[in-house]
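Student: Dropping a prediction and its sequence here:
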Amino acid sequence: MNGAFNYGAAFSRNIGWVTEDEQAALQRKRVAIAGMGGVGGVHLLTLARFGIGAFSIADFDTFDVVNFNRQAGAVVSTLGQPKAEVLSRMAKDINPELDVAMFPEGVSDANLDTFLDGADLYVDGLDFFAFAARRATFAACRRRGIPAITAAPLGMGVAFLCFTPESMSFEDYFCLDDCDENEMALRFLLGLSPAMLQRSYLADASRVNLAEHKGPSTIAACQLCAGVIATEGVKLLLGRGGVPVAPRGYQFDAYRNRFTRTWRPGGNRNPIQKIGLAIARRQLAGMKKASHHG
C-alpha cells in the first residue's frame, strides 16, 4: 500500500502558500514535541500534513476515556495504548516516509539532549501542570539555540508565546522560582494569557481545581492551537514572516470573537502582571472558600 504514496503529490496542495523549494525544505526539518495529549497529538498530525519530514515525540501516558473530548488518537480502539505509539502510527499513515523518534518514557534531564538532537524547532505539548519537565525543556532549548513555541488551549481560544535564543527566556518571563505549585499554576496561566479573554464565560468555576491538577478543556481550543502552532512553526522553520517573541505574544478567543496582542516587559515581574496575579490569588481563595461551604 505504501507504494501508492508520493511525497510530492501528497503535499502538492500546500504549494502556493509555500513554494516548491520551501516544501522541500520542510521535508528536511525535524520538530520535537513533548506531550502527545490534548495539543501535542494534534500538533504532530497538523505538522505532518504540512510535510515536515522528521519528528521526535515524547509521552509516557496511555489513552483513557477522559481524553475523548479533546485528544487526537483517543478512541475506543486505542484505550490503554501508549499515546506516543498511537500518534506515531497516525502520523505515519499520513506520511509513511516519516522519521519518528519515540521517547515513551517522556522527557527528563536524562534524555533531553537526545530528544532535542537535530531538532530545528521545539513545540510544547506537555500537560499544563508539568512544570519541572517544561522548565527543563525550555532551558535546554535555549542552551542549544532551538526556538521553542507554546500555544495554550484556554476556554475556546488560544494564547501563543515564542521563546528564541535571542528573546526573553522562559524563566525570566514566567518567574516560577521560589513558589509552590498553586502559585506556579497562577503565574503560568497569567503569563500565557495576560489578557485572560477566556475568564468571562467560564460556566462552572468548581471544575477548576489547581491543587488536584484539574481544569476544563475543549477540542475547539486544541484545534485552534494546532493551527497557530503549525503556522508560526512553519514561519520559523522557513525563516519568513514575523513571529512575535517573548515578552510579546497574542491571544485569540473564538467564543468572544476577540484577538489581542500582548506585551509584558519583565514578564510576570511587570506591574500590570503583579496586579493581575494578586486578583487571581483572591479569586482562587474565594473559589476555595465557596467549594468548602458547598
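Tutor: The structure has been received and is ready for your questions. Residues are numbered from 1 along each chain as shown.

Student: Run the chain-centre distance for stretch 87-107.
Tutor: Distance, stretch centre to chain centre, for stretch 87-107: 17 Å (C-alpha atoms, centre = their mean, to the nearest Å).

Student: how about low-confidence regions in the protein?
Tutor: 1-2, 286-294 (pLDDT under 70).

Student: Run through the helices of it in chain order.
Tutor: 7-10, 20-27, 40-49, 83-94, 112-116, 131-144, 170-174, 181-192, 219-238, 271-293 (DSSP state H).

Student: among those helices, which is the most enclosed?
Tutor: Of all the helices of the chain, helix 40-49 has the most neighbours on average by mean count of other C-beta atoms under 10 Å, namely a mean of 25. All C-beta atoms are positioned from the backbone trio N, CA, C, and that covers glycine.

Student: Give the other helices and strands that that one contacts.
Tutor: The contact analysis (3 or more C-beta pairs under 8 Å, 6 or more residues apart in numbering; DSSP states H and E) places helix 40-49 against strand 30-34, strand 54-58, helix 83-94, strand 121-124, helix 219-238.

Student: Please find the angle between the direction vectors of it and strand 54-58.
Tutor: Angle, helix 40-49 to strand 54-58, by axes from the mean of the first three to the mean of the last three C-alpha atoms, to 10 degrees: 170 degrees.

Student: which residues sit against helix 40-49?
Tutor: Helix 40-49 is contacted from outside by 11, 31, 33-34, 36, 55, 57, 59, 71-73, 83, 87, 90-91, 94-95, 98, 123, 125-126, 222-223, 225-227, 229-230, 233, using C-beta atoms under 8 Å, 6 or more residues apart in numbering.

Student: try stretch 194-211
Tutor: With contacts defined as C-beta under 8 Å, 6+ apart, stretch 194-211 is touched by 154-157, 159, 181-182, 185-186, 190, 214-216, 249, 251, 253, 255-256, 258, 260, 262, 264, 272-273, 276, 284, 287, 290-291, 294.

Student: how about the closest residue to Glu105 other than its chain neighbours, what does it touch?
Tutor: Closest residue in space to Glu105, ignoring its immediate chain neighbours: Phe60 at 5.5 Å, by C-beta to C-beta, 6 or more residues apart in numbering. Contact criterion C-beta under 8 Å, 6+ apart gives 104-106 as the residues in contact with Phe60.

Student: Likewise for Cys179?
Tutor: Counted by C-beta under 8 Å, 6+ apart, Cys179 has contacts Arg187.

Student: ok, it to Arg281 distance?
Tutor: As judged by C-beta to C-beta, to the nearest Å, Cys179 and Arg281 stand 11 Å apart.

Student: what sits in contact with each of the two?
Tutor: The contact sets of Cys179 and Arg281 do not overlap (C-beta under 8 Å, 6+ apart).

Student: Contact partners for Arg240?
Tutor: With C-beta under 8 Å, 6+ apart, Arg240 has no contacts at all.

Student: Try it again at 10 Å.
Tutor: Residues near Arg240 by C-beta atoms under 10 Å, 6 or more residues apart in numbering: 18-19, 22, 234.

Student: Can you name the two of those residues that sit furthest apart?
Tutor: Across these, no pair lies farther apart than Thr19 and Val234, at 12.1 Å, counting by C-beta to C-beta.

Student: hmm, back to that, redo the contacts of Arg240 as TSV? Include distance to Ala136.
Tutor: Below are the contacts of Arg240 laid out as TSV (distance: C-beta to C-beta, whole Å):
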residue	distance to Ala136
Val18	33
Thr19	37
Glu22	32
Val234	26
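
Student: closest to Phe50 among those?
Tutor: Closest to Phe50, out of all of these and judged by C-beta to C-beta, is Val234, at 5.9 Å.

Student: Give me the distance between the closest one and Trp17.
Tutor: 9 Å.

Student: hmm, back to that, of the helices and strands packed on helix 40-49, give the one that comes closest to Ala132.
Tutor: Judging these by C-beta to C-beta, what sits closest to Ala132 is strand 30-34, at 12.1 Å.

Student: by how many degrees do the closest one and helix 40-49 diverge?
Tutor: Here the directions of strand 30-34 and helix 40-49 differ by 170 degrees (the same axes, to 10 degrees).

Student: list the helices and strands strand 30-34 packs on?
Tutor: Strand 30-34 sits against helix 40-49, strand 54-58, strand 99-103, helix 112-116, strand 121-124, helix 131-144, helix 219-238, with contacts defined as 3 or more C-beta pairs under 10 Å, 6 or more residues apart in numbering; DSSP states H and E.
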